[in-house]
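Engineer: Provided below are the primary sequence and the corresponding predicted coordinates.
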Amino acid sequence: MAEHRVFLDNIPEPGHIARVEGPEAHHALRSKRLSENDHLVLINGQGTIANARIQTITRSKGHSAMDCIVQAVQNITPLLPSLHIHAAPPKGSRLESMIDALSQIGAHSYHPLRTKRTVVVPRDGKLHRLEHVAFESAKQCARAWQLQIQPSCNLTESLDHKCVVVADAEGEPYQATVADEIHLVIGPEGGLTPSEIDHARQAGAMVCSFGQHVMRIETAAAVAAAIVLERELANTKGQAGSQL
């Protein structure tokens, strides 16, 4: 069975004690039924993962804590290319499902995109909820680096990057770019307008198609993100193999 993962902001060096308190300790002890000498994994969402063992457990009314001895620490570099998703937010719970999927796929960040046809603009409370979704997803899929939730931006701001890919049914199939940072733009339901597509092309963006059918926003974002990362990784492996 996979070891339980616990989020902890400050992970100490091997041999030192890490104290886990609050909801993380409560969930580990009550829901997962962990006990002393059980092993778990500590993550901080900023590239550090540690193996630890529960040394002591303290419980009092309304409070639980675990003192864990850190056994080994890994500092993991971010995935390259870093993929930044600029997507119009879908309605309701579909936005949270999209964030969870993008986190599992390996996207670096999400930027709510405002376009002419955008109908949802997340407020601060919703963005905070999305951060929690990304946090829980990072634990579930063992991400060393948590997906970052960024403020809303308009199309011009999204296009103001070196390597931008715009998803559109009229585009060409995606080809690897070998860029270290890629910004992927997904329009709202109904797509970007013709003038917005022209604006993207004039700004130097690549316009690419990621499937034969019309997709919901959350599906298009996940599919396009997976294709981009898979082809970039395959290209990197191919280049490494040719140098042997």
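Structural biologist: Okay, I see it. Residues are numbered from 1 along each chain as shown.
Engineer: The closest residue to Thr48 other than its chain neighbours - how many residues pack around it?
Structural biologist: The shortest distance from Thr48 to any non-neighbouring residue, by CB to CB, 6 or more residues apart in numbering, is to Ile11 (5.1 Å). (Each C-beta comes from the backbone N, C-alpha and C, glycine too.) Here the count is done by other CB atoms under 10 Å, and Ile11 has 19 residues near it.
Engineer: Domain boundaries for this protein, per the record?
Structural biologist: 4-75, 82-242 (automatic domain parsing).
Engineer: Quick one: mean pLDDT for stretch 135-154?
Structural biologist: Average pLDDT, stretch 135-154: 95.
Engineer: cool, and stretch 163-170?
Structural biologist: 96.
Engineer: Now do the lowest-mean-pLDDT helix or strand in the chain: which elements does it pack against?
Structural biologist: Lowest by mean pLDDT, DSSP states H and E among the helices and strands of the chain is helix 217-242, with a mean of 87. Using 3 or more CB pairs under 8 Å, 6 or more residues apart in numbering; DSSP states H and E as the contact test, the elements touching helix 217-242 are strand 82-87, helix 94-105, strand 164-173, strand 181-186.
Engineer: repeat that for 10 Å
Structural biologist: strand 82-87, helix 94-105, strand 109-114, strand 164-173, strand 181-186, strand 206-209 (3 or more CB pairs under 10 Å, 6 or more residues apart in numbering; DSSP states H and E).
Engineer: then the shortest one to CSV, C-alphas only?
Structural biologist: As requested, the backbone C-alpha atoms of strand 206-209 are provided in CSV (Å, rounded to 0.1, in the frame of the first residue of the first chain):
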residue,chain,number,x,y,z
MET,A,206,1.4,28.9,-32.7
VAL,A,207,-2.2,27.9,-33.3
CYS,A,208,-2.6,24.1,-32.9
SER,A,209,-5.4,21.6,-33.0
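Engineer: what packs against it?
Structural biologist: strand 164-173, strand 181-186, helix 194-202, helix 217-242.
Engineer: residues in contact with the residue nearest to Thr48?
Structural biologist: By CB atoms under 10 Å, 6 or more residues apart in numbering, the contact list for Ile11 reads 18, 42-44, 46, 48-50, 52, 68, 70, 73, 75.
Engineer: make it 8 Å
Structural biologist: Ala18, Leu42, Asn44, Thr48, Ala50, Val70, Val73 (CB atoms under 8 Å, 6 or more residues apart in numbering).
Engineer: Contacts for stretch 204-220 next, please.
Structural biologist: With CB under 8 Å, 6+ apart, stretch 204-220 has contacts from 87-90, 94-95, 97-98, 101, 159, 164-174, 177, 185-189, 197, 200-201, 223-224, 227.
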